[in-house]
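Engineer: Fold the following for me, if possible:
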Amino acid sequence: MTYNATDKLLLRGAVAKVMSRPGYAQLAGAFSVDDLSLSGSAGGNPRLDPFRAWQFNLAAEFYYAPQSLFSIGIFALDIKNYITTTTSRRFYRTVLHPNGAYFLVEEPVNGGAGSTRGRR
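Structural biologist: Here you go, the predicted structure:
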């Protein structure tokens, strides 16, 4: 929402509840390992929750001359869930490691909640 306080001063405000679902690559079953570096990646986690948050923004814009602007604003973001990556040690048998070896495997997981506030 924008309020024209004067011809040169605009006040802006916004509140939004946002949601973004995980990407297909984060959900779908995919897996790869590197026998030389003993690392891997698991691309799929069907138990991922959507990213959910509330966003709050306030700003003031002062147009003091043609093509000139002074702007100040504050924001807040309250996150209910986000997606992050974790690394775990897993035991696998491969062609180069027929007796098995431990691999460091990265995979997407639910990250929990958080918040951030700031100014611009």
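Engineer: if I look at Leu96, how far off is Ile79?
Structural biologist: 41 Å (Cβ to Cβ, to the nearest Å). No exception for glycine: its C-beta is placed from N, CA and C like everyone else's.
Engineer: the more surrounded of those two?
Structural biologist: Set Leu96 next to Ile79 and count neighbours by other Cβ atoms under 10 Å: Ile79 wins out with 17 against 11.
Engineer: was I right about that one contacting Ala53?
Structural biologist: Yes: using Cβ atoms under 8 Å, Ile79 is in contact with Ala53, at 4.5 Å.
Engineer: quick one: common contacting residues for these two?
Structural biologist: When contacts are counted by Cβ atoms under 8 Å, 6 or more residues apart in numbering, Ile79 and Ala53 have no shared neighbour.
Engineer: those strands in the protein, which residues are they?
Structural biologist: Applying DSSP state E to the chain gives strands spanning 2-4, 9-20, 31-34, 39-42, 51-65, 68-81, 83-92, 101-110, 114-119.
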